[in-house]
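Student: Below is the sequence, then the predicted model.
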Amino acid sequence: MVIPLAALFSCVKWEWIQLFRKIGPRDIFTILITIIFLRAASIIIGLIQVSLGMVKLSDKNPLVFIIETNTNGQNLLLLLQTIAELTGEELITIIPFLSLLFIFLNQ
């Protein structure tokens, strides 16, 4: 996580603030529309998979089985591990993208 942040800082110095702006009503509308379309796409893909016999409706997600059989302490550790992994993945992918975006837009 430190390496992508260092890369961003080395590219843009203190101008990283320019990469972000305040969220306005138009941004919130865009976020909501995106969420609706992503959920609709997930449902459609799921229905296609069920209709093609790729997935049975009775099949459980393996993670659900793990959560059901774990104790509360184990589930808490799983949650903490998942949060760390997802945060790391997002930082590793988005920060280099933002760095390159900043460099190419300021040439």
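Tutor: It's in.

Student: alpha carbons only for contacts and neighbour counts from here, please
Tutor: Fine.

Student: And the helix or strand harbouring residue 79, how far out from the chain middle?
Tutor: In this structure, residue 79 sits in helix 72-105 according to DSSP states H and E. Offset of helix 72-105 from its chain centre (C-alpha atoms, centre = their mean, to the nearest Å): 7 Å.

Student: what's the answer for stretch 67-86, then?
Tutor: With C-alpha atoms, centre = their mean as the basis, stretch 67-86 stands 18 Å off its chain's centre.

Student: which sections of this structure are below the confidence cut-off?
Tutor: In the predicted model, the chain carries pLDDT under 70 at residues 1-5, 16, 19.

Student: in the helix holding residue 79, what's buried?
Tutor: 91, 92, 95, 96, 98, 99, 102 (16 or more other C-alpha atoms under 10 Å).

Student: Quick check: residue 56 touching residue 50?
Tutor: Yes: Residue 56 lies in contact with residue 50 (C-alpha atoms under 8 Å); the separation is 6.0 Å.

Student: Find the centremost residue of the chain, please.
Tutor: residue 90 (6.1 Å; C-alpha atoms, centre = their mean).

Student: Residue 10: which of the buried residues of helix 72-105 is nearest?
Tutor: Closest approach between these and residue 10, by C-alpha to C-alpha: residue 99, at 9.1 Å.

Student: give the contact list for that closest one.
Tutor: By C-alpha atoms under 8 Å, 6 or more residues apart in numbering, residue 99 lies in contact with 7, 8, 11, 12.

Student: Tell me who's in contact with the residue nearest to the centre of the chain.
Tutor: Counting by C-alpha under 8 Å, 6+ apart, residue 90 touches no other residue.
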